[in-house]
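> got a predicted model here, sequence first, then my questions.
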Amino acid sequence: MLLTSAGLTAVSLLIVQRSVENQVRRNLRLDLANSVETFRNFQKEREESLARSAQLVADLPVLKALMTTPHVPTIQDDSTEFFRLSGGDLFALVDRRSQIVGFHTRAAGVTLEQAQVVREHRPDVDSAKQWWWFGGGHLYEVFLAPIYFGPESSNSVLGTVAIGYEINQNVAHELARVASGQVAVVGAGSEVVSTVESSEVQKLEQALAAHNSDEPVEVKLGNESFVVASLALNRGEPPITIYVMKSYDQAAQFLSHLRQLLLFVGLGAVLLGSLLVYLLASTFTRPLERLVQGVRALGKGDYAFPLDVRQDGEVGEVTKAFVGMRENLHQAQQRLLHSERLATIGTMASSISHDLRHPLTAVLANAEFLAEPGLPPKQREELYLEIRVAVHRLTDLIDSLLELSRPAEALSLTETAVEHSASRAIELIRAHPEFQKVSVGITSSGVHFAMCDARKMERVFYNLLLNSCQSVQARGGHVSVTVENSNSQIDIRIVDDGPGLDASIRDKVFHPFVSYGKENGTGLGLTIAQKIVQDHSGQLQVEESAPGRTVMRITLPSATSVSAISVSAAQDP
């Protein structure tokens, strides 16, 4: 029986060894093909991202203004900041005459004259969006974007911005990481970068020249065997090819180790297998599986999953420690939730206390004046009106708190002219004495209708206009509302020339109780405005914010559009 078992084990090991070796070869080729495909997708996404970056730089208003300058030294000097902003390794500005008027590189050895020669000998560059350039021993992938004067539809081109990214050693290591192997980039007939020795790259090209196939091939480089696949990054001029290599010797070492391991395992498995399985199952596996289930239950928020903590040994100690940690975590979570509730209540109470106190003080003072005998009717009426204004402010504050909890189903939708709601909000803003020096106006190419709750949309416009007027009231600025069609939507923009939003709150300006630049603000105005717009299936966002220009954009679904009336109103300071 011993000889029979040994013979069967040896035959089984040989069959397993041969099968594993063939499978390793197939898997290595498949893995290489997957790596090439992964790199191709990575390169495609990278090129799309870099192309968008070039377009964003081309759309900068400051760059457009710079390209209107005919003075080349000025453009060269001022383009340094755009080079830094682009994040590229090469930056060039080309005017309408296809002359490079601004040129910067991070690497030495690349000159403006070399770049200009490329443009003169490559007529297709002006119409391309992406091309490869090899010069001064450096390879760049260059992305171009036209610079338009005004909108793109006007087709008034000021020039072209070119942003290049060098394929250097760092990029080679990054590509090797993505491809999970060794890489070599060859361009214009010579090696550019690689993660292997230069002499090995020459041998690689010579070996691949004899194989006219796109399938992976095995190549011997030095003392190591590789499975190599090639990918053409650019088939034009200059030709750029990347070679992806995976070592077969590493897999062979694994096979040798596996052969020895299988031999020992095969001899000992029959004698020790059953005993070890029984001991591991009773001592470690089942308790550990139960502990793993407890960890998964904790991840789902279940703090009451039953665990046996009576067992001894290391597993028992780990289980006891986990149960204690789970109880402490549950208690800490409850304390944190309680603290957050108290903090939220305190924040809300602190935020609204000022707004409640001022209207109540006005009501009390004016009520005392009304109690005075012999008041003239006109003065009595003025006091009554001031009390009404204060009461309305209190009502609005309470409505603001309730608005955040109302569902979208509570809307009373009717076909409403957006300009009408905006005009009513402007009238309310103009009633504020502190805004008498602020110019507020609305401009529209017609009457735009949307299915909305007119009263709530008026509240949205009022909150946004109030913020804009408060930001410009110190120097008497300008606030404008523009309404226009955009496909099947209505675009509404509230523009002011105030100082803009601070960068520290720009990302959380729509969060509750976030107030900036106000002494008595609740921090609910923009939160409520955004909720109302979202309830109308629209969007409210900060489209632009910089010193001298802040744009809040509202997008609503359009019901109808009647282009018959031009509504334009403005208040002089």
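Structure's in. What do you need?

> how about residue 246: what's its closest non-neighbour residue?
residue 181 (4.3 Å; Cβ to Cβ, 6 or more residues apart in numbering). No exception for glycine: its C-beta is placed from N, CA and C like everyone else's.

> cool, and residue 72?
Closest residue in space to residue 72, ignoring its immediate chain neighbours: residue 101 at 4.8 Å, by Cβ to Cβ, 6+ apart.

> burial check on the one you found, number of neighbours?
22 (other Cβ atoms under 10 Å).

> just residue 139 next, same as before
26.

> ok, the one 3 residues further on next?
Under the neighbour criterion other Cβ under 10 Å, residue 142 is assigned a count of 24.

> who's it bridged to?
residue 131, residue 164 (DSSP bridges).

> for it, what are its contacts?
90, 130-133, 162-164 (Cβ atoms under 8 Å, 6 or more residues apart in numbering).

> buried ones among those?
90, 131-133, 162-164 (16 or more other Cβ atoms under 10 Å).

> now residue 338: which helix or strand?
Remark: residue 338 resides in helix 313-370, with elements defined by DSSP states H and E.

> pLDDT (mean, whole number) over that helix?
What helix 313-370 shows for mean pLDDT is 74.

> how many other residues sit next to the residue nearest to residue 246?
For residue 181, the count of nearby residues is 23 (other Cβ under 10 Å).

> and it, what does it touch?
32, 35, 244-247.

> from the residues you listed, which is closest to residue 434?
Proximity of the contacts of residue 181 to residue 434 (Cβ to Cβ) peaks at residue 35, which lies at 66.3 Å.

> that closest one touches residue 183, doesn't it?
No: the pair residue 35 / residue 183 is not scored as a contact, 9.6 Å apart, by Cβ atoms under 8 Å.

> would you map the helices across the stretch 201-350 of the chain?
Counting by DSSP state H, counting those that start in this stretch, the stretch 201-350 of the chain has helices at residues 248-280, 286-299, 313-370.

> can you list residues touching both of residue 35 and residue 183?
In contact with both residue 35 and residue 183: residue 244, using Cβ under 8 Å, 6+ apart.

> neighbour count winner among these two?
Just comparing residue 35 and residue 183: by other Cβ under 10 Å the higher neighbour count belongs to residue 183, 24 against 20.

> spell out the secondary structure type for that one.
strand (DSSP: H, G, I helix; E, B strand; the rest coil).

> ok, it to residue 398 distance?
66 Å (Cβ to Cβ, to the nearest Å).

> which residue packs closest to residue 175, ignoring adjacent ones?
residue 183 (4.8 Å).

> repeat for residue 456
Closest to residue 456 by Cβ to Cβ, 6+ apart is residue 532, at 4.9 Å.

> that neighbour touches residue 457, doesn't it?
Yes: Residue 532 lies in contact with residue 457 (Cβ under 8 Å); the separation is 7.1 Å.

> which one's more surrounded, the two?
A count of neighbours by other Cβ under 10 Å puts residue 457 above the other of residue 532 and residue 457, at 27 against 23.

> quick one: buried residues of the helix or strand hosting the more buried one?
For residue 457, the host element (DSSP H and E) is helix 454-472. Neighbour-count burial for helix 454-472, counted by 16+ other Cβ under 10 Å, picks out 454, 456-472.

> follow-up on the earlier one: which ones are touching the residue nearest to residue 456?
Residue 532 touches 403, 453, 456-457, 459-460, counting by Cβ under 8 Å, 6+ apart.
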